[in-house]
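Undergrad: Sequence and predicted structure below; questions after.
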Amino acid sequence: MNSYLQGWLLVTHLYPVPVSIDNITSQLLIRSPVKERRPYESTSPLRFVVRTSVLTTNLRKIGIDIAKDFFDVALLLEGKSKHKIFSNTSEGMEQLGEWLAKQGMDKVHGCLEATGRYGEAVAEWLYEQGHTVSIVNPACIKAFGQSKLSRNKTDKGDCQLIAQYCQQNQPPAWSPSPPEVRQLQALIRQLESVQNLRQTEVNRLNSLIKQDCVVQLLEQHIAFLDGQIEQIKQLLTELIDTHQNLKEQQELLLSIPGVGELTAAKLLAEEIGTYESVRQVSAHAGVTPRQQISGSSVRGKTRLCKTGNAQLRKALYMPAMSARRFNPVIKAFCDRLLERGKAKRAIICAAMHKLLCLAYGVLRSGKPFDADYAKKILATP
């Protein structure tokens, strides 16, 4: 049986859509199983907070430019804006609430850039107060400013630009992750940081240092970091075992050949099951192809987009190498690409994309991976 048909039927099983012979034939002709899809209705018993777009055109917009100690706020009014600076503390957030009340603003739509931990407290405070919050990619704000031919860059100008972007583009509403997911994310980030630090020390140890005292210090530090890594892994196991929802999702991911316990934890930390479609999560990971074609002269190579979550791509690389050998669906997919003359690195990237699609499918459907699903469908009268 055509390996492409097997792969398409498997994704259909994991991400349900109406199946018929005509449907299958038409999808094979266009070679894109997600070209047209009805709004997804999950059959999974697991609960996800799905990322959806929320229209907030009736709310006043505020743009927030975050710094370590302070944040600037711009409130858009009719034909003008008001600006004020607050300290990035709980007292400053209370002052923000009082200032908004003085302006007669009961509920607003606040927008800020994704600046890591510095903006988390402000976003969570606004959300808890019942305001709508949007967290956008800084690249979007930068491109928006370039489209307006902005010449200056100041904190006051940046918060006004963010507010104008929010007014014009109506970015989707944000909601905080559950506490257990935030704890999982923190543990994964700490694990990666300690592993990188250990590798740095190992590289120094292997650089032929001749001073015995330095070698001894390095060996002691590496042993300490090894203990830290094992401790973090134990905490990850205990956290997932404590929360039933995380445990069920982990078991679904572990049903996919090529995905281990650590990879499953990393995928859960990135909340790949919260997106509306597999296209969204693929774009978020940056594993979609980027074409460079223009006119009759520009014919650049199609490369991996990489506009997205680098940590998620890193988490997928080695599992994709394993899945290429031991996952029957991905192995058939990679063999077909190899027969078409694709480069080996491009095949690995395609395997990363396919593996992410399978992980998203099992999470959203609540069904474990089944490599023989295509044969079962074709055998059904």
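TA: Nice, I can see it.

Undergrad: Measure how buried Y127 is and give me the count.
TA: 16 (other CB atoms under 10 Å). To be clear about C-beta, it is placed using only N, CA and C from the backbone, and glycine gets the same treatment.

Undergrad: Show me where this protein has its strands.
TA: With DSSP state E, the ranges of strands along the chain come out as 60-66, 70-77, 80-87, 108-113, 132-136, 289-294, 298-304.

Undergrad: any chance of these in a markdown table, plus mean pLDDT?
TA: As requested, those are arranged in a markdown table below (pLDDT from 0 to 100):
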| stretch | mean pLDDT |
| --- | --- |
| strand 60-66 | 95 |
| strand 70-77 | 95 |
| strand 80-87 | 94 |
| strand 108-113 | 96 |
| strand 132-136 | 95 |
| strand 289-294 | 85 |
| strand 298-304 | 82 |
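
Undergrad: can you tell me which of the ones you listed comes nearest to E201?
TA: strand 298-304 (30.9 Å; CB to CB).

Undergrad: where's that closest one relative to the chain centroid, distance-wise?
TA: Averaging C-alpha positions (CA atoms, centre = their mean, to the nearest Å) puts strand 298-304 24 Å from its chain's average.

Undergrad: Pairing partners for it, with directions?
TA: With DSSP bridges as the test, strand 298-304 is paired with strand 289-294 (antiparallel).

Undergrad: Count the residues that sit near the spatially closest residue to L205 that is not a sequence neighbour.
TA: Distances taken as CB to CB, 6 or more residues apart in numbering place L218 nearest to L205, at 4.6 Å, with adjacent residues excluded. Neighbourhood size, L218 [other CB under 10 Å]: 17.

Undergrad: L218 and N206 touch, don't they?
TA: No. In this structure, L218 is not within contact of N206 by CB atoms under 8 Å, at 9.7 Å.

Undergrad: Residues touching stretch 211-227, excluding its own?
TA: 194, 197-198, 201-202, 204-205, 209 (CB atoms under 8 Å, 6 or more residues apart in numbering).

Undergrad: Compute the distance from the centre of that stretch to the centre of its chain.
TA: When C-alpha coordinates are averaged (CA atoms, centre = their mean), stretch 211-227 and its chain have centres 36 Å apart.

Undergrad: what about that stretch, average pLDDT?
TA: Stretch 211-227 carries an average pLDDT of 95.

Undergrad: residue contacts, L187?
TA: Taking CB under 8 Å, 6+ apart, we find L187 in contact with 232, 235-236, 239, 269.

Undergrad: can you give me the helices for the stretch 251-381 of the chain?
TA: Assigned by DSSP state H, counting those that start in this stretch, the helices in the stretch 251-381 of the chain fall at 261-269, 278-285, 310-326, 328-339, 344-365, 373-379.

Undergrad: Of the contacts of stretch 211-227, grab the buried ones for ChimeraX.
TA: Of the contacts of stretch 211-227, the buried ones can be selected in ChimeraX as follows, counting by 16 or more other CB atoms under 10 Å:
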select :194,198,201,205
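
Undergrad: can you list the contacts of stretch 211-227 in CSV and add distance to A285?
TA: Formatted as CSV, those follow (distance: CB to CB, whole Å):
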residue, distance to A285
V194, 24
L197, 25
R198, 26
E201, 30
V202, 29
R204, 33
L205, 34
I209, 39
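
Undergrad: Which ones among the contacts of stretch 211-227 lie within helices?
TA: 194, 197-198, 201-202, 204-205 (DSSP state H).

Undergrad: Now tabulate the residues you listed in JSON lines and tack on pLDDT and distance to D72.
TA: Shown next, in JSON lines, are the ones in helices among the contacts of stretch 211-227 (pLDDT from 0 to 100; distance: CB to CB, whole Å):
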{"residue": "V194", "pLDDT": "97", "distance to D72": "35"}
{"residue": "L197", "pLDDT": "97", "distance to D72": "35"}
{"residue": "R198", "pLDDT": "97", "distance to D72": "39"}
{"residue": "E201", "pLDDT": "96", "distance to D72": "41"}
{"residue": "V202", "pLDDT": "96", "distance to D72": "44"}
{"residue": "R204", "pLDDT": "94", "distance to D72": "42"}
{"residue": "L205", "pLDDT": "93", "distance to D72": "46"}
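
Undergrad: Closest to T274 out of these?
TA: Of these, the one sitting nearest to T274 (CB to CB) turns out to be V194, at 27.0 Å.

Undergrad: Tell me how the chain divides into domains.
TA: For the chain, automatic domain parsing gives the domain ranges 3-48+268-378, 60-169, 179-256.

Undergrad: just so I know, which of those lies nearest L262?
TA: For the domains of the chain, the distance to L262 is smallest for domain 179-256, at 7.4 Å, taking CB to CB.

Undergrad: Tell me how far that closest one lies from the chain's centre.
TA: From the chain centre to the centre of domain 179-256 is a distance of 21 Å (CA atoms, centre = their mean).

Undergrad: re the thing from before, list just the nearest of the contacts of L187 to P179.
TA: L239 (10.6 Å).

Undergrad: Fine by me, we can end here.
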